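Engineer: When you get a sec, could you give me coordinates for this:
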Amino acid sequence: MTTARSTSPMVLRSREIWKSFLRGKQCSEVLRGVNMEVYQGECVFLVGPSGSGKSTLLAILGCILSPDSGEVELLGQDIAHLSPEERTLLRREKIGFVFQKFHLIRGLSALENVCVPMLLNGVPESSSITRAKSLLTEVGLDEHFHADPRRMSSGQCQRVAIARALATDAELIFADEPTASLDESSGQQAMQLLSKLAREHHKTVIVVTHDNRIFRFADRILEMKEGKLVYRKERHESERPLMMVGGNP
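Structural biologist: Model (predicted):
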């Protein structure tokens, strides 16, 4: 079998990631020595019970949080050696985020929401509008450029969020529970879009989810339990459902 890992460069590597939070007077270990590797073009799911550390790991990989110890290499850069400004720039230019609650800006149209990350990166307004229209068309919202997200369906809002995540041509897309607020049909459509990014546009997609209805879209499933990766599942191109191949990554 030919996989993204056998033919594509590594874009993300974590080594012995530990993270704790102080809750009151008690220190709680959320991540306990997480090791993982992700390659260009993969769609990787992080699953596991609430409190297992999935979202915390995603935030660390996405340069939002810093680990207490361990190493994260992102697109060839050790993020521990980057200044806060350099991490912000890396996150803004190379990473797109898709959230459960969409996080669209109230008062802005669908088109304006997609334009925002480009304008923040200094892209001229005319170029931003042209690219935003192209992205919204790609996600099936060509008739909703000027729609108010407050009047759009949840599925449409998530498609706006996906288009916004692509606005800067990010190499990695991190999605935190992207289907949790959607019905089954809308969730399937959102994941079809995200998996298409990995398959056709060579983006790397990492999804935190509890939604087993979308597991079929994953190239690999990494399960977390009590702050550790406990096993993985991997699918062959011609096989569904996913099958277990075992072992800590």
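
Engineer: Which strand residues bridge Cys27?
Structural biologist: Leu22 (DSSP bridges).

Engineer: And it, how far from Asp68?
Structural biologist: Distance, Cys27 to Asp68, using Cβ to Cβ, to the nearest Å: 10 Å. Every C-beta, even on glycine, is put in place using the N, C-alpha and C of the backbone.

Engineer: Same question for Leu166.
Structural biologist: Leu166 is 32 Å from Asp68, by Cβ to Cβ.

Engineer: in the lengthiest helix in the chain, what's buried?
Structural biologist: Determined from DSSP state H, the single longest helix within the chain is helix 184-201. Within helix 184-201, the residues scored as buried using 16 or more other Cβ atoms under 10 Å are 186-191, 193-199.

Engineer: now the end-to-end length of stretch 91-99.
Structural biologist: End-to-end distance of stretch 91-99 (Cα to Cα, to the nearest Å): 15 Å.

Engineer: Okay, buried residues for that stretch please.
Structural biologist: Across stretch 91-99, burial judged by 16+ other Cβ under 10 Å covers Arg91, Lys94, Ile95, Gly96, Phe97, Val98, Phe99.

Engineer: contacting residues around it?
Structural biologist: The contact list for stretch 91-99 (Cβ atoms under 8 Å, 6 or more residues apart in numbering) reads 62-64, 74-75, 103, 117, 120-121, 158, 161-162, 164-168, 170-178, 194.

Engineer: average model confidence for it?
Structural biologist: On average, the pLDDT along stretch 91-99 is 89.

Engineer: The residue nearest the centre of the chain - nearest residue in space that isn't next to it in sequence?
Structural biologist: Taking Cα atoms, centre = their mean, the centroid of the chain lies closest to Phe174, which sits 1.1 Å from it. The shortest distance from Phe174 to any non-neighbouring residue, by Cβ to Cβ, 6 or more residues apart in numbering, is to Gly62 (4.8 Å).

Engineer: For that neighbour, grab the count of nearby residues.
Structural biologist: When counting by other Cβ atoms under 10 Å, one arrives at 23 neighbours for Gly62.

Engineer: one step back: of all the buried residues of helix 184-201, which comes closest to Leu136?
Structural biologist: Leu193 (11.8 Å; Cβ to Cβ).

Engineer: quick one, what contacts that closest one?
Structural biologist: Contact analysis of Leu193 by Cβ under 8 Å, 6+ apart lists Val139, Arg159, Ile162.

Engineer: wait, which of these is closest to Leu229?
Structural biologist: Closest approach between the contacts of Leu193 and Leu229, by Cβ to Cβ: Ile162, at 26.3 Å.

Engineer: and the closest one, that's in a helix?
Structural biologist: Yes. Under DSSP: H, G, I helix; E, B strand; the rest coil, Ile162 sits within a helix.

Engineer: So for it, what's the pLDDT?
Structural biologist: The per-residue pLDDT reported for Ile162 equals 91.

Engineer: Next: the one 4 residues further on.
Structural biologist: Leu166 is assigned a pLDDT of 89 by the prediction.

Engineer: Could you report the separation of it from Arg232?
Structural biologist: Leu166 sits 27 Å away from Arg232, going by Cβ to Cβ.
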